[in-house]
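Enquirer: dropping the sequence and predicted coords here.
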Amino acid sequence: MKIKRFTGLTAAIAVGALTLTACSSSSDDEATTEESTGASTGIVSVNGSEPQNPLVPANTNETGGGLLLDQLFSGLVYYDADGAAHNEVAESIESDDQQNWTITLKEGWTFSDGSPVTASSFVEAWNWGALLSNATLSSYFFEPIEGFSYDEESELKGQGLEVVDDQTFTVKLKQPEADFPLRLGYSAFYPLPESFFDDPEAFGEAPVGNGPYVLDEWTHDAEATFSPNEEYAGERTAQNGGVNVKFYQTQEAAYNDLLAGQLDIITAVPDSAFETYESDLGDRAVNQPAAIFQSFTIPEELEGFTGEEGDLRRAAISKAIDRDTITDAIFSGTRTPASDFTSPVIDGWSDSVPGAEVTQYDEAEAQDLWAQANEIAEWPEDRTFTIGYNADGGHQAWVDATTNSIKNVLGIQAEGNAYPAFAEFREDITNRSIDGAFRTGWQADYPALGNFLGPIYKTGAGSNDGDYSNADFDALLDEAASAPSVEDSNALYQQAQEILFQDLPAIPLWYSNVTGGSADTVEGVEFGWNSVPLLYEVTKN
Amino acid sequence: MAWYVARRVMQLIPVFLGATLLIYSLVFLLPGDPIQALGGERGVPPAVADQLRAQYNLDKPFIVQYLLYLQGLFSFDLGVSFSGREISEIIASAFPTTFQLAIMALVIETVLGVGVGLIAGLRKGGIFDATFLIVSLLVIAVPIFVIGFVFQFLFGVQLGWFPPTVGSDVSFYTLMLPAIVLGSVSFAYVMRLTRTTVAENLGADYVRTATAKGLSRRRVVSVHVLRNSMIPVVTFLGVDLGALMGGAVVTEGIFNVPGIGNALYTAIKAQDSPAVVSIVTVLVIVFLIANLLVDLLYAVLDPRIRYA
């Protein structure tokens, strides 16, 4: 029982002085912590939630546990605020054919228990995460590696993964993947110390990592506290005296704590405060695009949306949606109108891919395109264009606004098609029994353009719910996957997007924003590509 | 008396079995697949999902699942929740917090409710009576989450008298605001119950007799009127303790109290049957014991009642 039931009456009585206590206690340690330029000593508090699983990297697929793991571990690469990947534990990640990778590690890295970070730390960890018998929730990250299987026990070691020496190991993929290095900062790819394999359960309660912080205490359902890792050998050195992640059941509670000065950073503003948070927090409010793309998909075989007629109608509908007004009126500006199929936080993103003008609201042109389509085949008077959505997810307002926009511009009937619950909605999409268009969204796993395109629009891909298929597009994706560098592959992905703008398998709507904020007790709060603040660089005195 | 208590305790057994079976089947009947939900919108690969289903016995028929749960229960093993924690540990860490919160709410509503109700009853029709009649109406009419948010914003954020949330810092002081909110609705009921019975008993024969015997007004009110007026109030409070513990879900959510309500909410969201059933069963037992205590208290308050 770790809950401290009598956390000292002093703390209880002087709750307003929480920050003071934090300062005084950490200034005692100041002498012992190593000097680094600009470092502060305050403990930064941030909202989080109780991890849904034990703290094992390959078994953590939700934000509550992810936030804690990201403080504790350093992977081969890390992501900066712009979503670009930089080598962290890796000295180099190299491949001639984008399929056989040689990964060399930097010298001098250790886990906080003193054991060294070697090639085996990665190989054994990945192998464990891929084992079917361990039933890890992030096992699909290891799918591209040779030896992975859902049918029998995966055996990455010896097939896809090979330890060369203490500092080097090789990875063999099933097919070329140019953006493979970009994925390696995700928590599933973190290394594990030997002590993990002796007792994974005990490790899940008290993980030992190689990241910028060490876990001091995890009080279930209440908080987790971290202090800087003295053994840390990377560039993300903690600029503060520690981190305190407080678990909240609701965002409202966290927001009120922020207003009352009980919390330094909030990672998500509750819907109820969308109207007011920017005036409450002033320039400490954060509202920037996140790696989340929202759209609605028009199935390839939907009547009237095939062939040349279909291309015209799709473009007409896209141009008939007033994204600026809808994101302002419905979302109080917490969505950013989309100008492509990926997200602005991804390295290589561009708002001027040829063809992107189809996402601009243009009443006259929309009507013109629709009229051209009608010359090919008449749109029946009594036909209604529908957008399916699940009513349990707060989608009704924007669906109504979008269909109204289409209705007003094109003069056709358009309305939402509500499903009571997500499970039902999803089932109809999976069975292809949904009638009309339906809402779709995608949140990236790693900051790469390809992650927004391949899984959704490639022929036969797992999330290709509209059954889109275009041979040229597929060929460009394959070419991009085996391109010699990320820059080269990004150029090819942008070419692939040009095809999407012509075919419009889905109509881009907007990017979801990360909405957050900080109190004036902290400085240097920056949110990363995955909507999580980079806590190591926050300063607090 | 001892026989009566023993019989009542024996009655707990069928209630316990019935409650667990009922709740287990209700969670089982919830639409949706809890294992797929673990993977969020992306779902879980089928092979991994099968593995997890086997691990949590979800691949077995309902009655087998339930019997396995009971089997564990009788060997004092409540099982493991989806989060990998022992359910008994979750309950043991959350229960004391909720119990403290409920007791604080109960004390607040009793002291204030009986106090205000007594004065209002003694001065029936006066300004005091009318004022609190309106206050109690308001409190009953406004949903508890509205009271919760308003109090949190007013006393927590704006005035800063109390911390707006509890979190890891569970203490008498931090629980005060949620306890006031939690007890507010029951306060209104206790107050009105007390007021009505006091007003009624004031005109009773035995009060007139007591006054005629020359007893002081103070003694008449405190010993004769109040004691007899307490019977309905005590009944209400006994039932209310159970309601407070179970009903703390809303209040605990608003004030971020790491108690049983939050644990239950999390378990229901995850469709974690063993966890839901274990937590609710604990609540049911608390409710039954509170009722037993109330029945025993009757004998103390009313000498005409005897248990054999």
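Expert: That came in fine, so what should we check first?
Enquirer: residues of the stretch 151-300 of chain B that sit close to chain A?
Expert: Within the stretch 151-300 of chain B, the positions adjacent to chain A are B:152-153, B:156-157, B:160, B:163-165, B:167-174, B:252-256, B:258, B:262-263, B:265-266, B:270 by Cβ under 8 Å from any Cβ of the partner chain. C-beta here means a position set from N, CA and C on the backbone, and glycine is covered the same way.
Enquirer: do you know how far A:Phe341 is from chain B?
Expert: A:Phe341 sits 18 Å away from chain B, going by Cβ to the nearest Cβ, to the nearest Å.
Enquirer: quick one: that residue is in a helix?
Expert: No - checked against DSSP: H, G, I helix; E, B strand; the rest coil, A:Phe341 lies outside a helix; its state is coil.
Enquirer: what number of residues lie near it?
Expert: 25 (other Cβ atoms under 10 Å in any protein chain shown).
Enquirer: ok, it - contacts?
Expert: For A:Phe341, the contact set (Cβ atoms under 8 Å, 6 or more residues apart in numbering or on different chains) comprises A:Phe293, A:Ser295, A:Phe452, A:Leu453, A:Tyr457, A:Gln497, A:Leu500, A:Ala506, A:Pro508.
Enquirer: local confidence estimate at it?
Expert: Looking at A:Phe341, its pLDDT stands at 94.
Enquirer: give me the buried subset of the residues of the stretch 151-300 of chain B next to chain A.
Expert: Among these, the ones that count as buried by 16 or more other Cβ atoms under 10 Å in any protein chain shown are B:152-153, B:156-157, B:163-165, B:167-171, B:173-174, B:252-256, B:258, B:262-263, B:265-266, B:270.
Enquirer: please enumerate the strands of the stretch 151-300 of chain B.
Expert: Counting by DSSP state E, counting those that start in this stretch, one finds no strands in the stretch 151-300 of chain B.
Enquirer: B:Ala275 touches B:Glu86, doesn't it?
Expert: No - between B:Ala275 and B:Glu86 there is no contact under Cβ atoms under 8 Å: 10.2 Å.
Enquirer: hmm, what's the outermost residue in chain A?
Expert: Outermost residue of chain A with respect to the C-alpha centroid, by Cα atoms, centre = their mean, is A:Glu375; its distance is 43.5 Å.
Enquirer: how close does it sit to chain B?
Expert: 40 Å.
Enquirer: helix or strand: which one has that residue?
Expert: Using DSSP states H and E, A:Glu375 sits in helix A:363-376.
Enquirer: re earlier: and for B:Ala275 and B:Glu86, which residues touch both?
Expert: B:Gly79.
Enquirer: between the two, who's got more neighbours?
Expert: Each of B:Ala275 and B:Glu86 has its neighbours counted (other Cβ under 10 Å); B:Ala275 has more, 26 against 13.
Enquirer: next one: phi and psi at the residue nearest to A:Thr515 when sequence neighbours are not counted?
Expert: Distances taken as Cβ to Cβ, 6 or more residues apart in numbering or on different chains place A:Val269 nearest to A:Thr515, at 4.1 Å, with adjacent residues excluded. Main-chain dihedrals, A:Val269, degrees, to the nearest 10: phi -90, psi 130.
Enquirer: not counting its neighbours along the chain, what's nearest A:Thr386?
Expert: A:Gly436 (3.6 Å).
Enquirer: what about the one you found, distance to chain B?
Expert: According to Cβ to the nearest Cβ, A:Gly436 stands 21 Å off from chain B.
Enquirer: residues touching that residue, list them.
Expert: Contact analysis of A:Gly436 by Cβ under 8 Å, 6+ apart lists A:Leu302, A:Phe385, A:Thr386, A:Ile387, A:Gly388, A:Asn417.
Enquirer: which among those gets closest to chain B?
Expert: Among the contacts of A:Gly436, A:Gly388 lies closest to chain B (Cβ to the nearest Cβ), at 15.3 Å.
Enquirer: okay, and the residue lying closest to A:Glu88 once chain neighbours are set aside sits in which element?
Expert: Excluding the flanking residues, the one nearest A:Glu88 by Cβ to Cβ, 6+ apart is A:Tyr78, at 4.5 Å. Assigned by DSSP H and E, A:Tyr78 falls within strand A:77-79.
Enquirer: contacting residues around that strand?
Expert: A:85-88, A:90, A:93, A:181-182, A:184-185, A:234, A:236, A:447, A:528-530.
Enquirer: partner strands of it and their direction?
Expert: Applying DSSP bridges to the sheet, strand A:77-79 is found paired with strand A:85-87 (antiparallel).
Enquirer: can you list contacts of the partner strand?
Expert: A:76-80, A:93, A:106, A:181-182, A:184-185, A:235, A:347, A:447.
Enquirer: again, 7 Å this time
Expert: Outside strand A:85-87, the residues that touch it by Cβ atoms under 7 Å, 6 or more residues apart in numbering or on different chains are A:Val77, A:Tyr78, A:Tyr79, A:Asp80, A:Pro181, A:Leu182, A:Gly185.
Enquirer: which one of these sits closest to B:Ile144?
Expert: For these, the residue nearest B:Ile144 by Cβ to Cβ is A:Tyr79; the value is 43.3 Å.
Enquirer: ok, now which ones touch the nearest residue to that closest one once chain neighbours are set aside?
Expert: Excluding its sequence neighbours, the residue lying closest to A:Tyr79 (Cβ to Cβ, 6+ apart) is A:Gly185, at 5.1 Å. Shown in contact with A:Gly185 (Cβ under 7 Å, 6+ apart): A:Gly75, A:Val77, A:Tyr78, A:Tyr79, A:Ala85, A:Tyr446.
Enquirer: what does A:Trp510 give?
Expert: Counting by Cβ under 7 Å, 6+ apart, A:Trp510 has contacts A:Gln294, A:Arg323, A:Thr327, A:Arg335, A:Thr336, A:Pro337, A:Ala338.
Enquirer: any idea what it is bridged to?
Expert: Going by DSSP bridges, A:Trp510 is paired in beta bridges with A:Gln294, A:Pro337.
Enquirer: farthest pair within the contacts of strand A:85-87?
Expert: A:Asp80 and A:Pro181 (14.4 Å).
Enquirer: of these two, which one has the most company?
Expert: Shown here are A:Asp80 and A:Pro181; by other Cβ under 10 Å, A:Pro181 has more neighbours (23 against 17).
Enquirer: checking my notes, the more buried one in a helix, right?
Expert: Yes - A:Pro181 forms part of a helix when assessed by three-state DSSP.
Enquirer: nearest to chain B among the contacts of A:Trp510?
Expert: Of all these, chain B sits closest to A:Gln294, with 12.4 Å by Cβ to the nearest Cβ.
Enquirer: what sits against B:Ala290?
Expert: B:Ala290 neighbours (Cβ under 7 Å, 6+ apart): B:Gly238, B:Leu241, B:Gly242.
Enquirer: run a quick neighbour tally on the last one.
Expert: Around B:Gly242 sit 19 other residues, with neighbours defined as other Cβ under 10 Å.
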